Every structure is written in structure tokens, then in C-alpha cells.
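Chemist: Dropping the sequence and predicted coords here.
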Amino acid sequence: MNSTYVFLCGVAWCQFGEEAAGSELIRALGSEDGKIRVLARAMLGKAGLRSKALIGEAVARQEMSEIQASLCMYEQEQVANLPMLGRTAWGMTASA
């Protein structure tokens, strides 16, 4: 797998939602080449919410680890929402 291929898969995934291209980006996350892994993460990040679903499915199918998912900021964004909910709930309790 080379960087041109991964980049083109990223474009196909970001622009058109091509599932095969998204699957190739997930596969690229397991590459031995660190540059390929970084490029795949960047392309998945560029697609935003679409990639969240793809990454979630890949974790559920055990095609990638939760650590790899967190590197793609999948879990970091999920965790970022929790403190906000906690503050809201806490604030409501304090005012009640």
C-alpha cells in the first residue's frame, strides 16, 4: 500500500462516501509504515462524522483496536462530550 493509493482512497471516502475506500483507510491504519498510518488517520479525520460510524463498525468487528480508534479521535470526541453533560447535570442538581 503506498501513499498515493491511501490518499486517493481518502478522497473517495471524504467526497463520495465510497465504503470500499473507507475500508481501505481502516486497513491502512494497520500498516507497518508510520507515514501511511498518519495519512489514513488524517483522511478519516477529514471525513468527520462519516468516519466515526466507519470506525465504530470496525471496532465492533474487531478490525481495529480501541486504541487505534482513539488515535483517530473517535473516542476523544465522545469523551469530550461527557464532562459537558456532567456539568449540566451537576448544575441542575445545584439549582434544584
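Modeler: Alright, I've got the coordinates. Numbering: from 1, shown residues only.
Chemist: residue ranges with poor pLDDT in this structure?
Modeler: 73-96 (pLDDT under 70).
Chemist: ok, which stretches of it are helices?
Modeler: Under the criterion DSSP state H, helices of the chain are mapped to 3-16, 19-28, 34-46, 49-60, 66-71, 74-95.
Chemist: Format the ones you listed as a markdown table; extra columns: mean neighbour count.
Modeler: Backbone N, C-alpha and C define where each C-beta goes, glycine included. Formatted as a markdown table, the helices of the chain follow (neighbours: other C-beta atoms under 10 Å):
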| stretch | mean neighbour count |
| --- | --- |
| helix 3-16 | 17 |
| helix 19-28 | 19 |
| helix 34-46 | 18 |
| helix 49-60 | 17 |
| helix 66-71 | 15 |
| helix 74-95 | 11 |
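Chemist: From residue 40, how far out is residue 23?
Modeler: Distance of residue 23 to residue 40, computed by C-beta to C-beta, to the nearest Å: 11 Å.
Chemist: what residues are up against the residue nearest to residue 14 when sequence neighbours are not counted?
Modeler: The shortest distance from residue 14 to any residue other than its chain neighbours is 4.6 Å, reached at residue 47 (C-beta to C-beta, 6 or more residues apart in numbering). Residues near residue 47 by C-beta atoms under 8 Å, 6 or more residues apart in numbering: 10, 13, 14, 22.
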